[in-house]
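Visitor: only geometry, no sequence info:
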């Protein structure tokens, strides 16, 4: 029986298409959103999953790059058809993608990865740093019940989105989250917008504000030190935390082992390209939250000793 937590399960269902770019818009300094039409993929994508993308008819880079689904939008008939992904201009592919105009083609395959499981809770806390907000717009819509992704809906009576960046011009997509009517809290390292401090400061404040006896789940995506800190804060308060790992990979389906990161969970070691990008960072009562920087250390150790 296929394991829905393994990449093979999603790779078998993935589609490969050449899609036409509809829009390629700047969202923040160095951050862009590209939109293309692919109904076959849009209809089966889940929050937290990703696709692999390469620019059509260009061989540098030869392999695609993983990009998380940011938004899934309907066409004129109301059916899921349009896909938005966000990217930071960094490296050969994105440096070329930023110059692509509407009408140009991209090769995409997906959806890939396990995404976020729908889990009922009183309060869903989202922690994002840098471009880590990308997996959460669809997830927020699903929890609010405003968009269905073909599975049983989870619910949360409250959603709080805690988002940080080094400075205010690097915050991307804030208006999209505000438009949902959820609680949006911002922070910047330099104090140029919102709280002058860290995402963990905001999250700790949110946790302390919750009513006694209420349940809470935390999801997180962003720089590794931030995910470590969010996982630690969640663990300290016995709150389950799930992270979406922004891990370099070549194939996205668990075949290649090049640059495969490993994360240490309380009871297992997980290959992110095979079992990610979503992983449990901590669970209620767990004494050992995931340490994101430890992923690569563990990966190096396993390679040094010849571990599979």
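Guide: The structure has been received and is ready for your questions. What you see is a predicted model, and the numbers here were worked out from it, not measured in a lab.
Visitor: For the rest of this, base every contact and every neighbour count on C-alpha atoms.
Guide: Fine.
Visitor: buried ones in stretch 63-71?
Guide: The neighbour-count check on stretch 63-71 (16 or more other Cα atoms under 10 Å) flags 64, 65, 66, 67, 68, 69, 70, 71 as buried.
Visitor: among these, which are in strands?
Guide: Per DSSP state E, strands hold the following members of the buried residues of stretch 63-71: 65, 66, 67, 68, 69, 70, 71.
Visitor: Contacts only, for the residue nearest the centre of the chain.
Guide: In the chain, the C-alpha nearest the mean C-alpha coordinate belongs to residue 135, at 3.3 Å (Cα atoms, centre = their mean). By Cα atoms under 8 Å, 6 or more residues apart in numbering, the contact list for residue 135 reads 47, 48, 49, 68, 69, 70, 221, 244.
Visitor: could those be laid out in CSV, adding distance to residue 150 and pLDDT?
Guide: Shown next, in CSV, are the contacts of residue 135 (distance: Cα to Cα, whole Å; pLDDT from 0 to 100):
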residue, distance to residue 150, pLDDT
47, 11, 95
48, 14, 93
49, 14, 92
68, 18, 94
69, 16, 97
70, 17, 98
221, 24, 94
244, 21, 88
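Visitor: residue boundaries of the strands in the stretch 1-150 of the chain?
Guide: 15-28, 31-37, 50-55, 65-74, 80-88, 105-112, 121-129 (DSSP state E, counting those that start in this stretch).
Visitor: Just name whatever secondary elements the helix or strand containing residue 231 is in contact with.
Guide: Using DSSP states H and E, residue 231 sits in helix 224-236. Applying 3 or more Cα pairs under 8 Å, 6 or more residues apart in numbering; DSSP states H and E, we find helix 224-236 packed against helix 199-209, strand 216-221, strand 241-244, strand 278-282, helix 293-304.
Visitor: Give the residue spans of the stretch 101-250 of the chain that score low on pLDDT.
Guide: Counting by pLDDT under 70, the ranges of the stretch 101-250 of the chain that qualify are 246-250.
Visitor: Could you pull up the contacting residues of residue 67?
Guide: Here residue 67 is in contact with 50, 51, 52, 53, 85, 86, 87 (Cα under 8 Å, 6+ apart).
Visitor: Next, format these as TSV and append neighbour count and distance to residue 105.
Guide: Output for those, formatted as TSV (neighbours: other Cα atoms under 10 Å; distance: Cα to Cα, whole Å):
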residue	neighbour count	distance to residue 105
50	26	18
51	23	15
52	22	14
53	22	11
85	22	15
86	26	17
87	21	17
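Visitor: Tabulate the residues you listed in CSV, adding columns for distance to residue 204.
Guide: Listed next are those as CSV, based on distance: Cα to Cα, whole Å:
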residue, distance to residue 204
50, 29
51, 33
52, 35
53, 36
85, 29
86, 28
87, 29
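Visitor: isn't residue 197 right up against residue 189?
Guide: Yes: between residue 197 and residue 189 there is a contact under Cα atoms under 8 Å: 5.4 Å.
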